[in-house]
Structures are given as C-alpha cells and as structure tokens.
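Student: Coordinates for the following, if possible.
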Amino acid sequence: MRFKPDTISRCFPGRYALALLLTGGIVITGCETKTKTPENTPVNLKTPGIGYQTYKGITGRRTSVTLPDSSHVILNSASVLEVPANYLQGNRAVILDGDAFFTVVPSTDTFTVTSDKLRATVLGTAFKMRSFASQHGATVYLLNGKIRVGKSYHSATDNQPEILERGQMILANNEIDLMEKETYHPEELETWLSDTLRISSANPMALSRTLEEWFGVEVEMKGDASKAPAITNAAFFHATLEDVLKNLGEQQGFRYKISDNKVVITF
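Tutor: The predicted model follows:
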C-alpha cells in the first residue's frame, strides 16, 4: 500500500508515523477506505444499565488513575477512561478514548481495554494503547508480559487477534481496515514512562511527531518551517505541553495554539 507523507499522520499516529516517513520501505499515496466498517463510539461501547466512572486527562498533562483493583493508569492529554461500577465483580473491562499506559494487577479475571478500533485483553501486564475515536489510526505497545489484541469491530477481511510479547506492537487503522503486528524498542516506552523528554537533531516535522507521541495530541503545522533551526539538544523533565511549546517556540520562531487534543503550530 502507498501513502503520501502529508496524509500519514491522519492514517497512523505518533512514533510509527515518523518511522514510516524515515524508512524507505513505505511511500504513502492515500488513506482510502477499502471496507466500510461499523463505527464504534465510547458511548455505544458501554454496557446498558451499568453506571460508569469517567476520568478525563487534562490537556497537555498526564493524569494518574488508580482502578478499584489497584491497577494503575497514566492517562495522557485529553484522553477519557470509562470504568464500570461493577469493575470488581468480575468485570475488569474499561473503555478508552485516547492515549493511556496500563499497569495491570494480575488476577484470575481478565482485564480488557476496548476502544472504537481495538480490544486488548490481559491477565496482568504493562502496555500502552493509543486510540482516539476522532482519529483513524491506533497503536498498542506491550512493555512486559503478554497481551491479546484484536479489532473491536467486525472486519470483513480479518478478525483474527494477535498475541504480543515484549518489544512487539500493533499498528491499526479502521479507515483501511488494517491491523498489523510490528516490533519496536521497549526502551522508547520506558523513556516515556520516566517522563523525561529529550529532543536532539529534530527538524520541525520530527518535532511534531515527537510531541504527538509524547503528549497524545494531534499537531498541525502552518507556514514555512524550512528555515527553522533544528533542535540540537533539549531536555524536559515532567514538563507540560505548554512548557515544551513555549521553550521550543522561542528557539524555532513559531507561535502555537492548544485546543483540546490538537496543537496548531504556525511559523
């Protein structure tokens, strides 16, 4: 399949979008729908008659959530997590619209995260899922243990789930009905968990992809960025999106606007 670089970010989120741009193996030409798939939403994924506790991530920050079984969630910027009232009654099943890292306490009951595109099932492990209902692309990165990941909608082409181990990830896109198992470097996710953002030798495009993955936001660039200097060496410790954009904007000469989970950068 071939795609254009200017459409890659809407087809594939975060780090993997940058990887596709930097590798010569894939050239992008479009993101057309091959198969019309049912559209799940966070609302219709809920079980009728069950109440839900809603947790919302603050734009540009990470929010820590402890579930009733002591499992831990790091909810990224502008993300939403729905937890059912019967969570401890054999229903460890949450709904995600956004970007979150899960550290799941082992139990005889499975733990399931469902988004509009993917469903991940574990007994006890650590993984990161990014799946915004407003975007076609989604990813799952496994850090430790094992996890089963499948499409949360019925696919006319392939409904077979994948089993992931450490260093493996899922790349999905419901617009083209795609779900593929790939590899990644677990050190990248461990760096994300440390909340220490380091940027080196990054041009504006690479910078925008880094911000997308780190803060779980969409980044749109306007104007001419061709003359902007590359970021040679910058480090941010437990910094908010606002902190990072203010610093980098001064270095690269751009203005920015943050709205919900979208950032517009203007050169």
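Student: residues contacting A228?
Tutor: N203, P204, Q252, G253, F254, F267 (Cβ atoms under 8 Å, 6 or more residues apart in numbering). Just so you know, the C-beta spots here come from the backbone N, C-alpha and C atoms, and that holds for glycine as well.
Student: Model confidence for the last one, exactly?
Tutor: Read it as F267. At F267 the predicted local confidence, pLDDT, stands at 93.
Student: Just give me the neighbour total for it.
Tutor: Using other Cβ atoms under 10 Å, F267 has 16 neighbouring residues.
Student: Phi and psi next, for T63.
Tutor: phi -120, psi 130 (degrees, to the nearest 10).
Student: What's opposite it in the beta bridge?
Tutor: T63 has these beta-bridge partners by DSSP bridges: L75.
Student: quick thing: my sequence starts at 21, can you match it?
Tutor: Right, with 21 as the first residue, what we last looked at is T83.
Student: My understanding was that it contacts T74; is that so?
Tutor: No. Between T83 and T74 there is no contact under Cβ atoms under 8 Å: 12.0 Å.
Student: Those two - which one has more neighbours?
Tutor: More crowded of T83 and T74, by other Cβ under 10 Å: T83, with 16 against 10.
Student: Low-confidence bits of the stretch 21-170 of the chain, can you list those?
Tutor: 21-59 (pLDDT under 70).
Student: show me where it has helices.
Tutor: Secondary structure of the stretch 21-170 of the chain (DSSP state H, counting those that start in this stretch): helices at 28-31, 34-42.
Student: Let me see the ranges of the strands in the stretch 71-220 of the chain.
Tutor: 72-76, 83-86, 92-95, 100-104, 113-123, 131-134, 138-142, 146-151, 157-164, 167-171, 182-184, 188-193, 198-203, 216-219 (DSSP state E, counting those that start in this stretch).
Student: Mind giving me the packing neighbours of the first one?
Tutor: Which is strand 72-76. strand 83-86, strand 92-95, strand 100-104 (3 or more Cβ pairs under 8 Å, 6 or more residues apart in numbering; DSSP states H and E).
Student: Which of these sits closest to A192?
Tutor: A192 lies closest to strand 100-104 among those, at 18.9 Å (Cβ to Cβ).
Student: Report all helices and strands that that closest one contacts.
Tutor: Looks like strand 100-104 contacts strand 72-76, strand 113-123 (3+ Cβ pairs under 8 Å, 6+ apart).
Student: re earlier: can I get the strands of the stretch 71-220 of the chain in a markdown table including distance to E233?
Tutor: Shown next, in a markdown table, are the strands of the stretch 71-220 of the chain (distance: least, Cβ to Cβ, whole Å):
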| stretch | distance to E233 |
| --- | --- |
| strand 72-76 | 20 |
| strand 83-86 | 17 |
| strand 92-95 | 14 |
| strand 100-104 | 19 |
| strand 113-123 | 9 |
| strand 131-134 | 19 |
| strand 138-142 | 17 |
| strand 146-151 | 8 |
| strand 157-164 | 9 |
| strand 167-171 | 19 |
| strand 182-184 | 18 |
| strand 188-193 | 12 |
| strand 198-203 | 15 |
| strand 216-219 | 10 |
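Student: do you know which of these lies nearest P62?
Tutor: strand 113-123 (4.5 Å).
Student: Right, I'll leave it there.
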